[in-house]
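Participant: sequence and computational prediction follow.
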Amino acid sequence: MATKTYAGKTIEVNEEGFLVNHEDWTEEMAPMLAEQVGIYELTDEHWKVIRFMRSDFIERGQIPTVRRLKNTGGIPTKDLYRLFPNGPAKKAAMIAGLGKPQGCV
């Protein structure tokens, strides 16, 4: 496995750059992970999505889909695409230190 250093911590990542172990993630890493997917500022709206994804994953053991983010997280789909253009579930999962969501190409 490859490694990358974020916020002074070296962690394992897969071939697409997703963290191998979600427990390695810290909030300090999120802005650096966001830059990798073309998001250069994390607003409170971004953090709402990121924190929901992490808490839902820890509770359920599955990475939330866009549908779950909308229905359970209360985040409208149009907002997800505005915050995380061209693949909101995949980009948000990467920034949240989770694996690649199922169904994402």
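Facilitator: Sure thing, it's come through. Numbering: from 1, shown residues only.
Participant: are we agreed that residue 10 is in a strand?
Facilitator: Yes: residue state for residue 10 (DSSP: H, G, I helix; E, B strand; the rest coil) corresponds to a strand.
Participant: and for it, the neighbour number?
Facilitator: Look at residue 10: counted by other CB atoms under 10 Å, it has 9 neighbours. No exception for glycine: its C-beta is placed from N, CA and C like everyone else's.
Participant: run the chain-centre distance for stretch 55-73.
Facilitator: For stretch 55-73, the separation from the chain centroid amounts to 11 Å (computed by CA atoms, centre = their mean, to the nearest Å).
Participant: quick check: mean pLDDT across that stretch?
Facilitator: Averaged across stretch 55-73, the pLDDT comes to 94.
Participant: what's that stretch in contact with?
Facilitator: The contact list for stretch 55-73 (CB atoms under 8 Å, 6 or more residues apart in numbering) reads 22, 48-49, 52-53, 75-77, 80, 88-89, 92-93, 96, 98-103.
Participant: swap the cut-off to 10 Å and go again
Facilitator: 18, 22-23, 48-49, 51-54, 75-81, 84, 87-90, 92-93, 96-104 (CB atoms under 10 Å, 6 or more residues apart in numbering).
Participant: what about residue 78, helix or strand, and which?
Facilitator: According to DSSP states H and E, residue 78 maps onto helix 77-83.
Participant: where does this protein have low pLDDT?
Facilitator: Counting by pLDDT under 70, the chain contains low-confidence ranges at 103-105.
Participant: helices of that one, start to end?
Facilitator: For the chain, the helices defined by DSSP state H cover 30-36, 44-60, 66-71, 77-83, 88-95.
Participant: for residue 102, which non-adjacent residue is closest in space?
Facilitator: With CB to CB, 6 or more residues apart in numbering as the criterion, residue 102 has its nearest non-adjacent residue at 7.2 Å, and that residue is residue 63.
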